[in-house]
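*Asks:* have a look at this prediction, sequence included:
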Amino acid sequence: MQVKLRINEKKVELDEFLDEEEMELSPFHFSLIELSQYVNGYIDIVFSEAEKITLDLFSDFSVCFDDIVDCIKSAKLSSKKKETIWFCEQGSDFYLDYEVEGDIMVLSFRKGKGVGMINKNVSDFTVEVNKSEYIHHWMKIFEELARLFEAKLNRKNALPF
């Protein structure tokens, strides 16, 4: 398994109405929203050549941020848990089912009827991944994001787990 962050610079589009208190997001999640003013990005989750998922950093990852963090926390803390994350934004429409079974994460990718172009050619699949490997790869992504927050926003954030 590999999880890779791809970042592309873009023309800065400042949103003067972003308000952390009003949005009621964690500091890390709010920084992610702020980052969208400066960059575009993707997260590639690769299990094999045919078994890979791409998340848009803002319309997939950010929208499902709490569910993704809960999944990572479950992997760290649970010996048994089963949940589904629905990436529901227009242009996405896919599901990631996960089950924590002892030291293993069972992950299943399922396309919805409106799955977007990024994942359209990916067939439904199920894989097993060692829990510690899963946690390690996601920790690296969150650490990379924290470094981006410092570089682009001059803001330090603790990791959300």
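*Replies:* Yep, that arrived.
*Asks:* how about the spatially closest residue to Leu148 that is not a sequence neighbour, phi and psi?
*Replies:* What sits nearest to Leu148 in space, not counting adjacent residues and going by CB to CB, 6 or more residues apart in numbering, is Leu35, at 6.1 Å. No exception for glycine: its C-beta is placed from N, CA and C like everyone else's. Main-chain torsions, Leu35, degrees, to the nearest 10: phi -60, psi -30.
*Asks:* and for Leu25?
*Replies:* According to degrees, to the nearest 10, Leu25 has phi -110, psi 160.
*Asks:* wait, it sits on Glu34?
*Replies:* No: at 10.2 Å, Leu25 does not count as touching Glu34 under the criterion of CB atoms under 8 Å.
*Asks:* longest helix in the protein, please.
*Replies:* If you go by DSSP state H, the chain has its longest helix at helix 131-148.
*Asks:* that one - contacts with which helices or strands?
*Replies:* When contacts are defined as 3 or more CB pairs under 8 Å, 6 or more residues apart in numbering; DSSP states H and E, helix 131-148 packs onto strand 2-9, helix 27-35, helix 65-77, strand 104-111.
*Asks:* the first one pairs with which strands, parallel or anti?
*Replies:* Just to be clear, that refers to strand 2-9. strand 39-46 (antiparallel) (DSSP bridges).
*Asks:* contact partners of the strand it pairs with?
*Replies:* Applying CB atoms under 8 Å, 6 or more residues apart in numbering, the contact partners of strand 39-46 are 1-10, 52-58, 60-61, 118, 141, 148, 152.
*Asks:* that one: which residues count as buried?
*Replies:* The neighbour-count criterion (16 or more other CB atoms under 10 Å) identifies Val39, Gly41, Tyr42, Ile43, Ile45 as the buried residues of strand 39-46.
*Asks:* ok and it relative to strand 104-111, angle-wise?
*Replies:* 120 degrees (axes from the mean of the first three to the mean of the last three CA atoms, to 10 degrees).
*Asks:* now do strand 39-46, average pLDDT.
*Replies:* For strand 39-46, mean pLDDT rounds to 97.
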